[in-house]
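Engineer: Sequence and computational prediction follow.
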Amino acid sequence: MNGVGKWLCRLLPVLSLLLLLLLPAAAQALSCAVCGRQIHGQYLRTEGKIVCSPGCWEKLLPHCSVCDSPLAGRYTVIDTGAEKRLFCMECAKLPRCFACDLPCRGEQLPDGRTLCGSCLATAVTDPAEAEKLFREVEREVAGLLGSPGCGRTGFVLCDLATLNRGREIVPGGKYELGRCNYEYRTRTYPGRKPEIVSERCTILILDALPRDQFIEVAAHEAAHDWLNHHGRSLPPS
């Protein structure tokens, strides 16, 4: 074997190793990460992925939570605590949902509030349904605390202006979602502490709250009723 043949024999293992290393990368470079088609000619690379066209590149982009357009430029991120929602710059300017406080193309209620489709889907608007749900929550709170409230609790589902009487209602404002009105009468005897002879509690909750938010407000107000009734007998701690 001449010198050239010996040189080729020595080089062959190195060439084989290089070929094995390059083949997977070459195969990956020729396949679109989105549609899987073979790529011939130009391609795009983004975040370590190779795509065949601008259309496939757009499918890798995050999308606006309102209009679903791909977010290739500047956009707004709102962290709800449970997830991060993304909005294009135009949709970020939309009115905010009164319940979830996210931009939306929602429905405007007669009292000026805007609700997104998701919140509107479970909104509690029927007074009978609302009172039934409140009574369920009231019983649950009594069970958790070991005793009921005053036992004479009325319930009213009301609009924004009624619940926030005396306040100017403006878009985007923050308002009361519920209120506990507690009234009582006492009788005084010589040498003794005043004795409560009658008490009455009325719970008001804003209408059209999503079901989960309604339950949260109902539990809060039912706890106020319990504290008003039992607070005088509780130890300071």
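Structural biologist: Okay, I see it.
Engineer: residues touching the residue positioned nearest the centre of the chain, list them.
Structural biologist: For the chain, Thr80 is the residue whose C-alpha lies nearest the centre (CA atoms, centre = their mean; 5.1 Å). Listed by CB atoms under 8 Å, 6 or more residues apart in numbering, the contact set of Thr80 reads 100, 102. Just so you know, the C-beta spots here come from the backbone N, C-alpha and C atoms, and that holds for glycine as well.
Engineer: any idea how far Pro210 is from it?
Structural biologist: Going from Thr80 to Pro210 by CB to CB, to the nearest Å gives 13 Å.
Engineer: Which neighbours do those two have in common?
Structural biologist: Cys100.
Engineer: After the helix or strand Gly55 falls within, which helix or strand is next? Please name it.
Structural biologist: Per DSSP states H and E, Gly55 falls inside helix 54-59. Downstream of helix 54-59, the first helix or strand assigned by DSSP H and E is strand 75-79.
Engineer: if I look at Glu129, how far off is Ala161?
Structural biologist: Distance, Glu129 to Ala161, by CB to CB: 22 Å.
Engineer: swap that for Thr186, please
Structural biologist: With distances taken as CB to CB, Thr186 is found 33 Å from Ala161.
Engineer: Likewise for Ser31?
Structural biologist: In this structure, Ser31 and Ala161 are separated by 62 Å, where distance is defined by CB to CB.
Engineer: Kindly report the same for Cys32.
Structural biologist: Looking at Cys32 against Ala161, where the rule is CB to CB, the gap reads 57 Å.
Engineer: Quick check: neighbours of the longest strand seen in the chain in the sheet, parallel or antiparallel?
Structural biologist: Selection of the longest strand in the chain by residue count, based on DSSP state E, yields strand 195-206. Partners of strand 195-206 in the sheet, by DSSP bridges, are strand 153-158 (parallel), strand 178-187 (antiparallel).
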